[in-house]
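Chemist: Can you look at this prediction? I've put the sequence above it.
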Amino acid sequence: MQKSSTMKLLQAVSLLVFLPTLALAQATPPVDDTTKEKPIEPVLEKDHSGPGRIGVRLAFDKTTGLPSIAAMTRGGAAADFGFQVGDVILKIDRNYTRTLTEDEVRLALHGDPGTAVELTIQRDDNPKLIVRSLERRIPAANSISEDMPNPPMSGVAIPVPPPPINP
């Protein structure tokens with residue numbers, strides 16, 4: 001008889017200990033853009049307004065929102081430091097990219113030439129992460145249009161029809 005009352009007491013105590021934790025876990029709202037955590041270091045435009053870049057074009061995954069390298073410029077910092085197309089960027093400096101908007105991710109890669117930016121990437125779903133510190137550079141004027149798919153439309157001539165011929 002004493003064993004069963006001790007068991008009931010232990011069950012009651014364990015319920016009192018674990019119920020608040022269970023209720024808190026169920027009451028936590030799902031994470032979306034309005035409730036996601038704030039970045040450790042805010043990405044401010046004044047700190048990232050320089051012409052330096054690392055030479056990548058980003059693509060953002062529709063389900064996770066994580067940026068990946070879609071293309072690189074020849075001679076850019078990312079290509080020289082061993083990054084590859086398809087690498088997923090998990091962190092920029094101390095900020096996890098999941099805490100940043102797409103614009104903040106792009107802005108975080110900009111800065112004064114010669115300044116460093118640290119990227120943590122994941123390649124091919126490998127659990128081993130790659131951490132590299134890159135130096136921002138000014139991209140060459142012709143490297144973007146040659147090496148990146150879908151170059152910008154600047155400098156494209158639009159054909160003009162010839163004037164009508166009068167007899």
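Modeler: Thanks, I have it. Numbers count the residues shown, from 1 in each chain.

Chemist: Tell me what residue 132 is bridged to.
Modeler: residue 119 (DSSP bridges).

Chemist: How about the contacts made by it?
Modeler: With contact taken as C-beta atoms under 8 Å, 6 or more residues apart in numbering, residue 132 is in contact with 81, 82, 83, 118, 119, 121. C-betas here are computed from N, CA, C, even on glycine.

Chemist: Most neighbours out of these, which is it?
Modeler: residue 119 (25 neighbours; other C-beta atoms under 10 Å).

Chemist: Quick check: the gap between that residue and residue 5.
Modeler: 61 Å (C-beta to C-beta, to the nearest Å).

Chemist: Check residue 140 too.
Modeler: In this structure, residue 140 and residue 5 are 81 Å apart, going by C-beta to C-beta.

Chemist: Give me the more crowded residue out of these two.
Modeler: A direct count of neighbours by other C-beta under 10 Å for residue 140 and residue 5 places residue 140 higher, at 14 against 9.

Chemist: Skipping adjacent residues, who's closest to that one in space?
Modeler: Beyond its immediate neighbours in the sequence, the residue positioned closest to residue 140 (C-beta to C-beta, 6 or more residues apart in numbering) is residue 75, lying 6.4 Å away.

Chemist: For the one you found, report the pLDDT, please.
Modeler: In the predicted model, residue 75 carries a pLDDT score of 84.

Chemist: surely it meets residue 55?
Modeler: Yes: Residue 75 sits in contact with residue 55 when judged by C-beta atoms under 8 Å, with a separation of 7.4 Å.

Chemist: Show me what the spatially closest residue to residue 120 that is not a sequence neighbour bridges to in the sheet.
Modeler: If you skip the residues right next to it in sequence, residue 120 has residue 91 as its closest partner in space, 3.8 Å away by C-beta to C-beta, 6+ apart. With DSSP bridges as the criterion, residue 91 is bridged to residue 96, residue 120.
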